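Trainee: predicted model and sequence follow; I will ask about them next.
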Amino acid sequence: MDYTEKVIDHFKNPRNVGELKDANAIGRVGSPSCGDKMEMYLKIEDGIIKDAKFMTFGCAAAISSSSVATELLKGMTIEEAKKLTNQQVVEKLGGLPEAKIHCSVMVEEAVKAALEDYYKRK
Ligand SMILES: [Zn+2]
């Protein structure tokens, strides 16, 4: 299986890992096929994502997808984050093997779950 250099970089040095203590939006999702589990933490203020962190237990594609997603999310408005697609994540990674695309879909789902959580808390 061929991973791009970008995927390997984000897998070895993932950005924004850990629990975000003052998160006000948390999304938890899992993918049964790889056994990946992902938690996405967002801190939203005035409609803007001020901070984003994640904890992912999973394959290299899941971890690198989560990592680039947090980079993309920081500074986004809620509206922009709602429209974040796995395709944007895959592009940022320079591509993912076909069999691993679903791991980036999981990131999209985690973001959507976090935003739902945000609205529920309000
Ligand atoms: Zn996976």
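Mentor: Received, thanks. Residues are numbered from 1 along each chain as shown.

Trainee: identify the residue nearest whatever residue of the chain ends up closest to the ion in space, chain neighbours excluded?
Mentor: In the chain, no residue comes nearer to the ion than Cys34, which is 3.1 Å away by Cβ to the ion. (C-beta placed from N, C-alpha, C; glycine too.) Excluding the flanking residues, the one nearest Cys34 by Cβ to Cβ, 6 or more residues apart in numbering is Cys59, at 5.0 Å.

Trainee: and the helix or strand hosting Asp9, what does it pack onto?
Mentor: Assigning secondary structure by DSSP states H and E places Asp9 in helix 5-12. Counting contacts by 3 or more Cβ pairs under 8 Å, 6 or more residues apart in numbering; DSSP states H and E, helix 5-12 is packed against helix 60-73.

Trainee: what lies in contact with the helix it packs on?
Mentor: 3, 6-11, 14-17, 31, 34, 36, 38, 40, 42, 49, 52-54, 56, 81, 84, 86, 88-90, 92-93, 96-97, 100, 103-104, 106-107, 110-111 (Cβ atoms under 8 Å, 6 or more residues apart in numbering).

Trainee: list the buried residues in it.
Mentor: For helix 60-73, burial by neighbour count (16 or more other Cβ atoms under 10 Å) applies to 60-70, 72-73.

Trainee: repeat for stretch 19-28
Mentor: Buried residues in stretch 19-28, counting neighbours by 16+ other Cβ under 10 Å, are found at Leu20, Ala23, Asn24, Ala25, Ile26, Gly27.

Trainee: just stretch 86-96 next, same as before
Mentor: Asn86, Gln88, Val89, Val90, Lys92, Leu93, Leu96.
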